[in-house]
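Visitor: sequence first, predicted coordinates after that:
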Amino acid sequence: MGCKSANKPYMRGMVVMLYETAAHGELIKEKEALLKKYDEYKKSNLKLDMSRGKPSPSQLELSEGLLTVLNEDAQTRFEGTDCRNYGVLDGLPAMRKLFAALLDIPYENIFVGGSSSLQMMFDTFARHMIFGAYKGAAPLCTVKNLKVLCPAPGYDRHFAIAQCFGAQLIAVKMTASGPDMDEVENYVKDPTVKAIWCVPKYSNPTGVTYSPETVRRFAALEPAADDFRIFWDNAYAFHDLYDRGEPLLNLYEELKKTGKENMAYIFASFSKVTYAGGSVAMMASGKENMEFSRSIIEKQTICNDKLNQLRHVLFFGNAEGVYAHMKKHAEILRPKFETVLRIFERELAPVGVGSWTKPRGGYFISLDLPEGTAARTYELAKTLGVTLTNVGDTFPYGKDPLDRNLRIAPSFPEIEELTKATEALCLCAKLAAVEKYLSR
Ligand SMILES: Cc1ncc(COP(=O)(O)O)c(C=O)c1O
């Protein structure tokens, strides 16, 4: 992952001004200047949204061809399958092969579902709650003090799934190489710890790609619970911003070395490749897990939308087609990320306010502000009309213990709007920091 920007003093000519160490008088003056700017912003009635990591309209336009690819030859059959009809529960073989090639997982272990990987994660968790993680395992709803590990900052919707089933959420520290594996190894000694959420590549929201050592340590885990499962949500597997993407060691391969493929479920989707909410999602795991999951899924549905799967197969052709398409996304996204980072460097670094990740892919930048100022920054920004992801959302129970993390989503606004929003955010962050240091 991109490194974190460290606080460094601002030196323009002879001026050095770090808020944290500035004299009271200097801070008072700074606050006045910031408030003046803040009032000017207020008058401009901003209405800017940096809250959710959605593709922008120009990204969605890259996939226009999906809408016509079937019409061209009225193609509804493919390799012997009539995609208009019931059947082929595991998904169109060509679609499974495409995911197999992209993720380097055996075709036989891949199940292609509907359009949402999050739904597949929810359903997998729900199956564990109701039926247990394998035939004969105790349903998790019968486990007292059920616990799920939540690397934090992390993805709020993962935490929400476990919480909605009544599991206790245990925060695990995120480091620059992935979740703190000492903590993970320690927690899994507890037999009531049954799962962990992971976004291993360009993690939401830090942008961290797990190091090879982290992946190996995941593969080597010896949990006390034999129904412990890793929910490996590879949502940003193909989402590089730069030509040389960050490599992620293949967890499936690592697990296979010791015959433990069933310890993980791997998920991915094309939501941020083609259409968010209208793409194709998949999951994969060891043979036993897949057979068990399938035996329940077949009671739920006869098959998923194979016409949409066919559309994707025809639109991309092969894995190279997906990579070429993702380069077009990167052309749109990269300047947005760079805009935000440039403004942070210009506005926040000189006064020593916060530190931030510099992701080389994915959808988010994680901004850590001085402790105790994230909620205040959020409120100040909201008053200006700038919507940010809810403070605390990146932590279990929506509570950031240090009140410092903000998840920045640069993808949706166009550059002009993003520039205004980021500048306004920086102003609010600076004001909140000055207030904090003045109240010491
Ligand atoms: C880590 C992660 N997983 C899953 C999703 C949602 O995926 P899907 O659209 O396939 O349900 C998101 C969307 O932001 C995400 O950030």
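Guide: Nice, I can see it. Numbering: from 1, shown residues only.
Visitor: near the ligand, which residues of the stretch 251-400 of the chain are found?
Guide: 269, 271, 276, 281 (Cβ under 6 Å from any ligand atom). C-beta here means a position set from N, CA and C on the backbone, and glycine is covered the same way.
Visitor: nearest residue to the second one in space, please, no chain neighbours.
Guide: Computed as Cβ to Cβ, 6 or more residues apart in numbering, the closest residue to S271 that is not its neighbour in sequence is S279, at 4.9 Å.
Visitor: export stretch 217-234 as CSV, just CAs?
Guide: Taking C-alpha atoms only, stretch 217-234 is exported to CSV below (Å, rounded to 0.1, in the frame of the first residue of the first chain):
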residue,chain,number,x,y,z
ARG,A,217,-0.2,-16.5,8.7
PHE,A,218,-3.9,-16.6,7.8
ALA,A,219,-3.3,-19.9,6.0
ALA,A,220,-1.4,-21.2,9.0
LEU,A,221,-4.1,-20.3,11.5
GLU,A,222,-5.1,-23.1,13.9
PRO,A,223,-8.4,-21.9,15.3
ALA,A,224,-9.8,-23.6,18.3
ALA,A,225,-13.2,-23.7,16.5
ASP,A,226,-13.2,-26.1,13.6
ASP,A,227,-16.1,-24.1,12.1
PHE,A,228,-14.1,-20.9,12.1
ARG,A,229,-14.2,-19.3,8.7
ILE,A,230,-12.2,-16.5,7.0
PHE,A,231,-14.5,-14.3,4.9
TRP,A,232,-12.0,-13.2,2.3
ASP,A,233,-13.8,-10.4,0.4
ASN,A,234,-11.6,-9.7,-2.5
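Visitor: I'd say R294 and L89 touch.
Guide: Yes: with contact defined as Cβ atoms under 8 Å, R294 reaches L89; the gap is 7.1 Å.
Visitor: the two: who's more crowded?
Guide: L89 (16 against 12; other Cβ atoms under 10 Å).
Visitor: residues touching that one, list them.
Guide: By Cβ atoms under 8 Å, 6 or more residues apart in numbering, L89 lies in contact with 294, 297-298, 301-304.
Visitor: in the stretch 251-400 of the chain, which spans are strands?
Guide: 264-269, 281-284, 355-356, 365-368, 386-388 (DSSP state E, counting those that start in this stretch).
Visitor: check the secondary structure at E423 for me.
Guide: When classified by DSSP: H, G, I helix; E, B strand; the rest coil, E423 comes out as helix.
Visitor: and the nearest residue to it once chain neighbours are set aside, how many neighbours?
Guide: Using Cβ to Cβ, 6+ apart and skipping residues adjacent in sequence, the residue nearest E423 is I343, 5.9 Å away. Here the number of neighbours of I343 (other Cβ under 10 Å) works out to 17.
Visitor: isn't I343 right up against A429?
Guide: No: I343 is beyond contact range of A429, at 11.0 Å (criterion: Cβ under 8 Å).
Visitor: any idea where the strands of the stretch 101-250 of the chain begin and end?
Guide: Secondary structure of the stretch 101-250 of the chain (DSSP E, counting those that start in this stretch): strands at 110-112, 147-152, 168-175, 178-179, 193-198, 229-233.
Visitor: need those in a markdown table (columns: distance to N390 and mean pLDDT).
Guide: A markdown table is the format used below for the strands of the stretch 101-250 of the chain (distance: least, Cβ to Cβ, whole Å; pLDDT from 0 to 100):
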| stretch | distance to N390 | mean pLDDT |
| --- | --- | --- |
| strand 110-112 | 33 | 98 |
| strand 147-152 | 14 | 98 |
| strand 168-175 | 16 | 98 |
| strand 178-179 | 22 | 98 |
| strand 193-198 | 18 | 98 |
| strand 229-233 | 20 | 98 |
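Visitor: nearest to the ligand, of those strands?
Guide: Across the strands of the stretch 101-250 of the chain, the ligand has its closest neighbour in strand 229-233 (4.7 Å, Cβ to the nearest ligand atom).
Visitor: and that closest one, what does it pack onto?
Guide: helix 117-131, strand 193-198, strand 264-269 (3 or more Cβ pairs under 8 Å, 6 or more residues apart in numbering; DSSP states H and E).
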